[in-house]
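Participant: Sequence plus the predicted model coming up.
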Amino acid sequence: MAKQSKRFKALADRQGVEAVPLADAVETLKTFDTTKFDQTVEIHMRLGIDPKQADQIVRGSLVLPHGIGRAQRVIVFAKGEMVAAAEEAGADEVGQEELATKIKGGWTDFDTCIAAPDMMGLVGPLGRVLGPRGLMPSPRAGTVTPDVARVVREYKAGKVEFRNDAGGNVHAVVGKMSFDVQQLTENVQAFIDHIVNLKPMTLKGTYVRGISVCGTMSPGIRIAA
């Protein structure tokens with residue numbers, strides 16, 4: 001376990017252990033903004049799903065009301081008229097074989113990879129590089145699409161992807177410490193509502209078992225569900 005700094009321990013002592021309403025959690029989190037850089041704010045949700053059951057996987061994407069506070073680097077696999085459309089929508093790089101070769105060589109300096117359906121024959125073999133990094137395009141996440149321009153615009157506007165991990169937890173970026181309380185609160189609430197709406201039909205028992213928010217260099221604060 002990494003050694004905690006005096007600053008982190010002091011903040012942890014201040015946070016308390018009880019779950020609190022979302023607005024109170026965000027206000028407390030804002031008081032932890034004592035670093036020299038703009039911390040990323042994350043949400044962590046512990047779900048009562050069985051990750052080994054295919055019908056209980058919780059994954060998807062959504063556009064947060066206030067974005068995530070940074071421009072996402074988006075690449076696109078497309079050809080024909082879609083190339084110009086993707087570039088006009090703000091894609092950082094659009095390509096085919098040359099782009100695939102670049103990625104096979106280990107280049108992953110981007111946040112999102114989008115592909116037109118007719119490009120998956122080229123993109124499929126890249127799963128060995130993209131998969132472990134969570135960058136592989138998929139229809140379920142909406143990153144394999146015939147409307148690449150629309151999806152590029154969504155990610156540039158602050159769309160986030162998520163997928164439960166092996167422990168049944170979901171994690172996502174929901175903004176920056178520089179956001180005001182209302183912006184962070186609305187982003188977090190939008191994410192929670194979206195996850196709640198994705199409750200698997202086959203799930204028995206409690207779905208949401210715990211929620212917390214934290215900054216890059218700050219302890220987590222539990223939110224009352």
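Facilitator: Nice, thanks for sending it over. Residues are numbered from 1 along each chain as shown.

Participant: what are the ranges of the strands in the chain?
Facilitator: Using DSSP state E, the strands of the chain run over residues 40-47, 59-63, 74-77, 93-95, 112-115, 159-163, 169-176, 208-215, 221-223.

Participant: Report the contact partners of A91.
Facilitator: 74-76, 114, 148, 152 (Cβ atoms under 8 Å, 6 or more residues apart in numbering). (Each C-beta comes from the backbone N, C-alpha and C, glycine too.)

Participant: Sorry, slip of the keys, the one I care about is L198.
Facilitator: 58, 60.

Participant: pLDDT score for it?
Facilitator: Note for L198: predicted pLDDT of 96.

Participant: Same check on A10?
Facilitator: 51.

Participant: Kindly report the same for A86.
Facilitator: 97.

Participant: For it, which residues are in contact?
Facilitator: A86 touches 76, 78, 94, 114, 148-149, 152, counting by Cβ under 8 Å, 6+ apart.

Participant: at 6 Å instead, please
Facilitator: Neighbouring residues of A86 by Cβ atoms under 6 Å, 6 or more residues apart in numbering: 76, 78, 94, 148-149, 152.

Participant: Neighbour count, pLDDT and distance to G105 for these - can I get that in TSV?
Facilitator: Output for the contacts of A86, formatted as TSV (neighbours: other Cβ atoms under 10 Å; pLDDT from 0 to 100; distance: Cβ to Cβ, whole Å):
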residue	neighbour count	pLDDT	distance to G105
V76	29	98	19
A78	25	98	21
V94	22	98	18
V148	26	97	23
A149	21	97	27
V152	28	96	24
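
Participant: low pLDDT regions in this protein?
Facilitator: 1-17 (pLDDT under 70).

Participant: Tell me the helices and strands packed up against the top helix by length along it.
Facilitator: Assignment by DSSP state H gives helix 181-197 as the longest helix of the chain. In terms of contacts (3 or more Cβ pairs under 6 Å, 6 or more residues apart in numbering; DSSP states H and E), helix 181-197 is packed against helix 22-31, strand 40-47, strand 169-176.

Participant: ok, 8 Å please
Facilitator: If you count contacts as 3 or more Cβ pairs under 8 Å, 6 or more residues apart in numbering; DSSP states H and E, helix 181-197 packs onto helix 22-31, strand 40-47, strand 59-63, strand 169-176, strand 208-215.

Participant: which ones are touching the residue located most distally from the centre of the chain?
Facilitator: Computed with Cα atoms, centre = their mean, the residue of the chain farthest from its C-alpha average is G80, at 30.0 Å. Not one residue lies near G80 by Cβ under 8 Å, 6+ apart.

Participant: Hmm, I195 is touching V208, no?
Facilitator: Yes. Using Cβ atoms under 8 Å, I195 is in contact with V208, at 7.3 Å.

Participant: Neighbour count: the two, which is higher?
Facilitator: The neighbour comparison of I195 against V208 (other Cβ atoms under 10 Å) goes to I195, with 22 against 16.

Participant: mind listing what the more buried one touches?
Facilitator: 45, 47, 58, 162, 170, 208.

Participant: ok, those residues vs K104, which is closest?
Facilitator: F162 (26.8 Å; Cβ to Cβ).

Participant: what about G210, how many neighbours?
Facilitator: 16.

Participant: Okay, V74 and R46: tell me how far apart.
Facilitator: 30 Å (Cβ to Cβ, to the nearest Å).

Participant: more crowded one of the two?
Facilitator: V74 (26 against 15).
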